[in-house]
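[1] give me coordinates for this.
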Amino acid sequence: MSNIQTTKLFWASCLALLVTSLSFGIRAGMMNQLGIDFQLNATQLGTITATAFWGFPLAIVVGGFIVDAIGMKRLLVLAFVFHLAGIVLTIFAQGYWTLFFSTLLIGIANGTVEAACNPLVAALYPKNKTTRLNYFHLWFPGGIVIGTLLVTFFIHVGLGWKIQVAMMLIPTIIYGYLFSKLDFPVTERVSSGYSNADMYKAVFSPLFIFMFICMFGTAITELFTGQWIGLLLKNVTDNAILLLTLTTGIMVIGRGFAEPVVHRLAPQGVLLLSAIFAAAGLYMLSTMTGNSIFFAAVIFGIGVCYFWPTMIGFVAENIPKSGALGLNLMGGAGMFAVSIYTIFMGGFYDDLIVKHLPADATLDAYSKAPEGSTASLALAQAKNLAGPEVLQATLVIPIVLIVAFGGLVIYMRSKRAKQVVN
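    Alright, predicted model coming up:
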């Protein structure tokens, strides 16, 4: 009989997710310095950043297909090897291609962590899946807060980006050691005796397909806005990066207090309320100015804080036959949607800026204008108008989600009512 140490496995999972989020926070903070050190242009830096978002869905989907066969322990040992290789390669990077491959390795490691840990948390806490997935996922925004604070501190004391990246080795080695020593349960689908045929049937069920499509919207609302908020609103407020820290901090607190919220509202009720708050917050972010924008950031943070873990928790609780594959297809769908939407909205943002410039202006010419010149001031004004317009265009997504999740609440109530009658 294997000795499953639930608490140790849970905390080792949290450490692995902390490495994932630290990689986002630290990399975001050192991008500018990498550009200077290796003479990289914005396109090259953008491509390096994007590889993490391609590696993640690739690993999480492949992991979803193989985790039942090879077990969660082997998958997490793979994640450890990818993290270690990616971090070391980044520290000893020589230029564009080493940074490209190191980021890809870290992206694959990040996806592999989620591919194993989402089903692991569901298997460890079968009666409390959504709450425990919220506790687990609070380490993602938590790690971003820790990462950005570490970067700020290291820059202040004059320590370079290599030391910042090397800091990630500490939690990586700890989680690798813990997972190598601990016994693992089998995935919940395997322990319940559901066959592969049951799993594929569940993944193609109307309810799963509905949640899969909704995951596009919840992930874009949370991650696209979170990543771009500094860029889009830097001309509206002097403290745009503080907005990200504030919304991320709200997410940590919200997920920490998930239990009473999930217990009272059920996952589908939490998702409906989240969509309402997210839509209100996004609208306020795109229309408010001055210090009131921080209030908008709080409302938006409340809205998006439960989206990702509760979407996965809903599938774990209500479509258990979909197994680890179902949970990982949800995560992969979310990250893939964000990467595609980010590329699309980058072009849309540039077009909006051009629209607000004089008729014969080109973005390239105005971008190269000397600081303080008429062209430079016109570009700043155009960006000031374009940023909130991007947020307003994105606002359509949480509005559609309000309708979708309203329908889900009604559907789940009628399903429960039928079960009571029967």
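[2] from now on I want contacts and neighbour counts done on CA atoms only, so please keep to that.
    OK.
[3] can you pull the pLDDT of residue 238?
    On the pLDDT scale, residue 238 is placed at 66.
[4] oops, could you answer that again for residue 127 instead?
    For residue 127, the model assigns a pLDDT of 91.
[5] give me the number of residues near it?
    11 (other C-alpha atoms under 10 Å).
[6] could you do the one 3 residues further on as well?
    Other residues lying near residue 130 total 29 when counted by other C-alpha under 10 Å.
[7] for the one 5 residues further on, same thing?
    Residue crowding around residue 135 was assessed by other C-alpha under 10 Å; the count is 22.
[8] repeat for the one 4 residues further on
    Other residues near residue 139 come to 26 when the count uses other C-alpha under 10 Å.
[9] ditto for residue 294
    22.
[10] helices of the stretch 101-250 of the chain, start to end?
    129-137, 139-157, 161-166, 169-181, 188-192, 196-203, 206-219, 225-232, 240-256 (DSSP state H, counting those that start in this stretch).
[11] quick one: buried residues of the first one?
    The one in question is helix 129-137. Using 16 or more other C-alpha atoms under 10 Å as the test for burial, helix 129-137 gives 129-137.
[12] dump the helices of the stretch 101-250 of the chain to JSON lines, plus distance to residue 264.
    Shown next, in JSON lines, are those (distance: least, C-alpha to C-alpha, whole Å):
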{"stretch": "helix 129-137", "distance to residue 264": "12"}
{"stretch": "helix 139-157", "distance to residue 264": "23"}
{"stretch": "helix 161-166", "distance to residue 264": "41"}
{"stretch": "helix 169-181", "distance to residue 264": "34"}
{"stretch": "helix 188-192", "distance to residue 264": "25"}
{"stretch": "helix 196-203", "distance to residue 264": "27"}
{"stretch": "helix 206-219", "distance to residue 264": "21"}
{"stretch": "helix 225-232", "distance to residue 264": "28"}
{"stretch": "helix 240-256", "distance to residue 264": "14"}
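[13] and residue 335, which of those is closest to it?
    helix 206-219 (6.9 Å; C-alpha to C-alpha).
[14] for the closest one, packing partners?
    If you count contacts as 3 or more C-alpha pairs under 8 Å, 6 or more residues apart in numbering; DSSP states H and E, helix 206-219 packs onto helix 307-318, helix 323-355, helix 396-421.
[15] convert the C-alpha atoms of that helix to CSV, please.
    Extracted C-alpha coordinates of helix 206-219, given in CSV (Å, rounded to 0.1, in the frame of the first residue of the first chain):
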residue,chain,number,x,y,z
PRO,A,206,-22.2,19.3,-25.3
LEU,A,207,-21.5,20.5,-21.8
PHE,A,208,-17.7,20.1,-22.1
ILE,A,209,-17.6,21.7,-25.6
PHE,A,210,-19.6,24.7,-24.1
MET,A,211,-17.1,25.0,-21.2
PHE,A,212,-14.1,24.6,-23.7
ILE,A,213,-15.4,27.6,-25.8
CYS,A,214,-16.1,29.7,-22.7
MET,A,215,-12.5,29.0,-21.6
PHE,A,216,-11.3,31.1,-24.6
GLY,A,217,-13.3,34.0,-23.2
THR,A,218,-12.4,33.7,-19.5
ALA,A,219,-8.6,33.3,-20.3
